[in-house]
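Novice: Next one to model:
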Amino acid sequence: MAYKNVNMNVLLLTRSYGTFTFLDKAYIIFTIQLLDLGHLDCEATALYSGANSTGVGKGPIEHERRDAVMISALLSHPAVGLILFDVGSCEDIIKNWHPAIAECTPRQWEKGVHDLPSAIKATGAGTIEDVKAVVISHLHYDHAGGLENFMGTDVEIWCHEEELKYAFWSCATGMDRAFMVPHYLVPDKLNWKTFKRETFDIWPGVKLHHVPGHTPGSIMMELTMEKAGTVLLTSDLFHVKENFEDGIPQSGPLIRDYTAWYRSSEFAKHLANQKGAKVVLGHENKYFEAMPRSPAFTE
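Specialist: Got it, this is the predicted structure:
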């Protein structure tokens, strides 16, 4: 989908949420609303290395689990319309999730609140039928399961080329089927779009950066906004604050390539520092709650 012609020097927008006039060629007006798509009860050991570990002779420690929020971002963009960054999990986890995932990482989720159509409607920005494009940070079940809502539509589903290839291969061979789930990895029912570059200026004010490590094709989104400045949506490059603030990586199957993750994390932190960015991590409640959430918004 090509975005509409936009005069970046003088922008006059008329939409259901009002009329805006904006004079500045460095920015384009849009808003972002963070959506709560439910929570996962996670083993802390997977989220950051060294959790639930202790030294010899130090005795037992209290076992730590984490409440991991599943985050989506809804952009109201004048040149495109409604854009989603990540779509959360599917509705029927008993049917679609690997049994071990459903048992060991239970979901707290309420239909009418956390399902994607309801979460979008609650923003007041529109309905799921108004969504024009979706960007998926990576194709794990808790970020891409909601693609079931776009089956058979012409909504563009964007991800990195390496991620799409890895996900289909992993699912087909069974190598990573606990995290890459067959019900949304279908070649002919979704309007897949990919990019290959390390940085992709996908729409005015919106950049995608390839940040491999968690998965081979993981991406983060950089937004350049009029009032908020730079906003970085890192997704699972950083699951929790320990990954971002302390440089502690994920562990086990949640980090596919440590060297790639280290390079990606250094790049992301440098970018955040250089631009004074507001940062939203993949599942960290502290960072999620620091930003305006639906129906409030950032602009």
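
Novice: Point out where the stretch 101-250 of the chain drops to low pLDDT.
Specialist: For the stretch 101-250 of the chain, no stretch has pLDDT under 70.

Novice: go again using 90 as the cut-off
Specialist: Judged against pLDDT under 90, the low-scoring parts of the stretch 101-250 of the chain cover residues 176-177, 226.

Novice: For it, just list every one of the helices.
Specialist: 116-123, 141-144, 161-173, 241-245 (DSSP state H, counting those that start in this stretch).

Novice: Using CSV, lay out those helices together with distance to Ala277 and mean neighbour count.
Specialist: In this view, the C-beta of every residue, glycine as well, is placed from N, C-alpha and C. CSV is the format used below for those (distance: least, CB to CB, whole Å; neighbours: other CB atoms under 10 Å):
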stretch, distance to Ala277, mean neighbour count
helix 116-123, 23, 20
helix 141-144, 21, 27
helix 161-173, 23, 17
helix 241-245, 12, 19
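
Novice: could I get these as CSV with distance to Pro292?
Specialist: Listed next are the helices of the stretch 101-250 of the chain as CSV, based on distance: least, CB to CB, whole Å:
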stretch, distance to Pro292
helix 116-123, 11
helix 141-144, 21
helix 161-173, 29
helix 241-245, 19
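
Novice: Which residue comes closest to Ser251 once chain neighbours are left out?
Specialist: Ser49 (4.2 Å; CB to CB, 6 or more residues apart in numbering).

Novice: tell me the SS of the one you found?
Specialist: Here Ser49 is coil, with the state taken from DSSP: H, G, I helix; E, B strand; the rest coil.

Novice: Please apply the same query to Thr259.
Specialist: Following three-state DSSP, Thr259 is assigned to helix.

Novice: Enumerate every residue touching it.
Specialist: The contact partners of Thr259, taken as CB atoms under 8 Å, 6 or more residues apart in numbering, are Gly213.

Novice: hmm, back to that, and the gap between the residue nearest to Ser251 and Ile120?
Specialist: 35 Å (CB to CB, to the nearest Å).

Novice: now the spatially closest residue to Ala144 that is not a sequence neighbour: how far from Ser235?
Specialist: Excluding its sequence neighbours, the residue lying closest to Ala144 (CB to CB, 6+ apart) is Ile136, at 5.1 Å. Between Ile136 and Ser235 the distance is 9 Å, computed by CB to CB.

Novice: Overlap in contacts, those two.
Specialist: 86, 143.

Novice: who wins for proximity to Trp97 among the helices of the stretch 101-250 of the chain?
Specialist: helix 141-144 (6.3 Å; CB to CB).

Novice: How far away from the center of its chain is the closest one?
Specialist: 9 Å (CA atoms, centre = their mean, to the nearest Å).

Novice: go on, stretch 272-292?
Specialist: Taking CA atoms, centre = their mean, one finds stretch 272-292 lying 12 Å from the centre of the chain it belongs to.

Novice: Which of the residues in that stretch are classified as buried?
Specialist: 272, 277-285, 287-288, 291 (16 or more other CB atoms under 10 Å).

Novice: just stretch 251-266 next, same as before
Specialist: 251, 254-256, 260-261, 264-265.

Novice: what's the farthest-apart pair in these?
Specialist: Ser251 and Ser264 (16.3 Å).

Novice: ok, Phe85 touching Val131?
Specialist: No. Between Phe85 and Val131 there is no contact under CB atoms under 8 Å: 11.3 Å.

Novice: Looking at the two, which has the bigger crowd around it?
Specialist: Set Phe85 next to Val131 and count neighbours by other CB atoms under 10 Å: Phe85 wins out with 28 against 24.

Novice: State the phi and psi torsions of that one.
Specialist: phi -110, psi 110 (degrees, to the nearest 10).

Novice: From Glu266, how far out is it?
Specialist: 22 Å.

Novice: Then Thr45?
Specialist: Thr45 is 24 Å from Glu266, by CB to CB.

Novice: ok, now how distant is Cys90 from Asp115?
Specialist: Separation of Cys90 from Asp115 (CB to CB) stands at 10 Å.

Novice: Okay then, goodbye and thanks.
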